[in-house]
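K.L.:
build me a model from this:
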Amino acid sequence: MPGESWSPPAVLVAVDLVILTLRQTKLQVLLVERGIEPYRGMWALPGGFLNNPEEDLLGAAHRELREEANLDGTRLHLEQLGAYGQPGRDPRGRIISVAYLAIAPRLPEPVAGTDAAAAEWMPVHDALSSRPALAFDHCQIVLDGVERARTKLENSALATAFCAETFTISELQRVYEAVWDVQLDPRNFYRKVRSVPGFIEPADSFRRTTKGRPARLFRSGPRTVLHPPIIRPGRESEGERWHATSSSY
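P.N.:
I've put the predicted structure just below:
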């Protein structure tokens, strides 16, 4: 109505962090056990509210990662995953969370901080099938983060970051299998990887892994964006089907 005063709605802003890594050949996500209500004792993503009006979103993400898991977020590439604002997602009120994603190799063991009773790496499959489910809407946020990670492996050279300086095609294949949650046909995988110019290059050396012939070693090539992309099973055209079996998280 004309003349009525307007007051801004009471909406709080928070950040949540999906940190993914490979451990024991499994895709794992960083989770904290909540030490405070709501959902005390349940597993959740590290995160929290902005501290003050001057704190920006990325700064809050770095701070929460340090406070809740004692990890240095400045050494990670954090990218915005999405915003989550469904009414009722948090029993404390109307809270919008901006989620950030990082995918990195060889991350250290986390250490629980201020608001967390514990912090640990958990296989994504276990995190999404846990009973009870993750706190808040964090199952959905993890699912969205995993889907972003899978797409990154299709279009970028990210997979080589999880390998040693030199690696076999089989070791690279295991990275794709862990993130995509599939089993891939080795000959098909070799053909697809070698068809992408600049993705990997021969290291001019071999490694004996079995009683058979030594396995050829490769290293990362100069290309960071893959063209053509290596499309995961189920997303290719009929003419480029993988011989693979897949299970869903």
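K.L.:
may I see the buried residues of the lengthiest strand in the chain?
P.N.:
Counting residues, the longest strand in the chain under DSSP state E turns out to be strand 12-23. Neighbour-count burial for strand 12-23 flags 14, 15, 16, 17, 18, 19, 20, 21, 22 (criterion: 16 or more other Cβ atoms under 10 Å). For the C-beta atoms, the positions are set from N, CA and C on the backbone; glycine is no exception.
K.L.:
got those residues as CSV, with distance to residue 78 and pLDDT columns?
P.N.:
Converted to CSV, the buried residues of strand 12-23 look like this (distance: Cβ to Cβ, whole Å; pLDDT from 0 to 100):
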residue, distance to residue 78, pLDDT
14, 15, 97
15, 10, 98
16, 11, 98
17, 7, 97
18, 10, 98
19, 9, 97
20, 12, 97
21, 14, 96
22, 18, 95
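K.L.:
can you tell me which of those lies closest to residue 111?
P.N.:
Nearest to residue 111 among the buried residues of strand 12-23 is residue 19, at 13.8 Å by Cβ to Cβ.
K.L.:
how about that closest one, nearest residue that isn't a chain neighbour?
P.N.:
In space, and not counting its chain neighbours, residue 19 is closest to residue 30: 4.0 Å by Cβ to Cβ, 6 or more residues apart in numbering.
K.L.:
dig out what the one you found forms beta bridges with.
P.N.:
Per DSSP bridges, the residues bridged to residue 30 are residue 121.
K.L.:
for burial, what's the neighbour tally of it?
P.N.:
Residues near residue 30, counting by other Cβ atoms under 10 Å, number 23.
K.L.:
and for residue 75?
P.N.:
Other residues lying near residue 75 total 10 when counted by other Cβ under 10 Å.
K.L.:
show the pLDDT at it.
P.N.:
With respect to pLDDT, residue 75 scores 86.
K.L.:
give me the distance between it and residue 98.
P.N.:
In this view, residue 75 and residue 98 are 21 Å apart by Cβ to Cβ, to the nearest Å.
K.L.:
summarise which helices and strands the top helix by length along the chain is packed against.
P.N.:
Longest helix in the chain by number of residues (criterion: DSSP state H): helix 138-155. Packing partners of helix 138-155 (3 or more Cβ pairs under 8 Å, 6 or more residues apart in numbering; DSSP states H and E): strand 12-23, strand 26-34, strand 79-84, strand 95-103, helix 124-128, helix 169-180.
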